[in-house]
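Q: Output the structure for:
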Amino acid sequence: MDEPPNFGGDAGQPVLPVAADDLKTAFEIFLNQARLHPGGGSAISVGIFARGCKCGSDVHSVVYRAMMLQSLLRQGKEQIAPWMKDGQPDERVFWEFARFPVEWMGVGIERNGLPFDADEFFRRLRSQNFGMEPRTDRQGI
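A: Now for the predicted structure:
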C-alpha cells in the first residue's frame, strides 16, 4: 500500500522554527490570494512562497506555520482579538508563532484539534506583555 503524501515533514514530528518575517510574508500571500479568489478554488505554487522568503528558509515549514496560524485565527477569534489590529495579527503573534512548538500533521490521520497547544500559545503572548493582559477596551488609542 502506498503511503499518503506528507505536508513537508513526518506526522507528529516538530516543524522547524522559521523567521517571523518569512511567516508574515507567507501569511500575507495567503490573504492576498483569498482576496483575489474569495470563493477559493485556487492554488499557490511553492515557488511563490520561496521567492518571498529569505534564501535558505525551509519554505515548507514557513507555509505550514502560516496555514496553522490562519486556522488559529479562525478558531480562536476571541482569544487572539487583543493582538489584532485592522484584521491583521500584531508583530508579536508572528514572532511567537514562528518559533512556537508545532507538529506536522499527516494526510488521512485523524486528529482532535490543532497540532499545537493553543492555550500555551496565548499564555506566551500574554507573558510578552510582562504579565499584563493586552488592552481590550481600546480607550485612549
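
Q: Can you pull out the low-pLDDT segments for this protein?
A: 1-7, 129-141 (pLDDT under 70).

Q: Quick test: name the residue nearest the centre of it.
A: Centroid check for the chain by CA atoms, centre = their mean gives L69 as the closest residue, at 2.3 Å.

Q: Of all the residues in stretch 29-49, which ones are buried?
A: For stretch 29-49, the neighbour count (16 or more other CB atoms under 10 Å) marks I29, F30, F49 as buried. For every residue, glycine as well, the C-beta is placed using N, CA and C.

Q: Which strands or helices does the strand or helix carrying the second one pack on?
A: The reference is to F30. Secondary structure from DSSP states H and E places F30 in helix 20-36. For helix 20-36, the packing partners by 3 or more CB pairs under 8 Å, 6 or more residues apart in numbering; DSSP states H and E come out as helix 46-52, helix 59-75, helix 91-99.

Q: Check which residues of the second one are buried.
A: When neighbours are counted by 16+ other CB under 10 Å, the buried residues of helix 59-75 are found to be 59-66, 68-70, 72-73.

Q: from these, which is closest to G39?
A: For the buried residues of helix 59-75, the minimum distance to G39 (CB to CB) is 16.8 Å, reached by Q70.

Q: quick one: that closest one and G56, what's the gap?
A: Using CB to CB, to the nearest Å, one obtains 24 Å as the distance from Q70 to G56.
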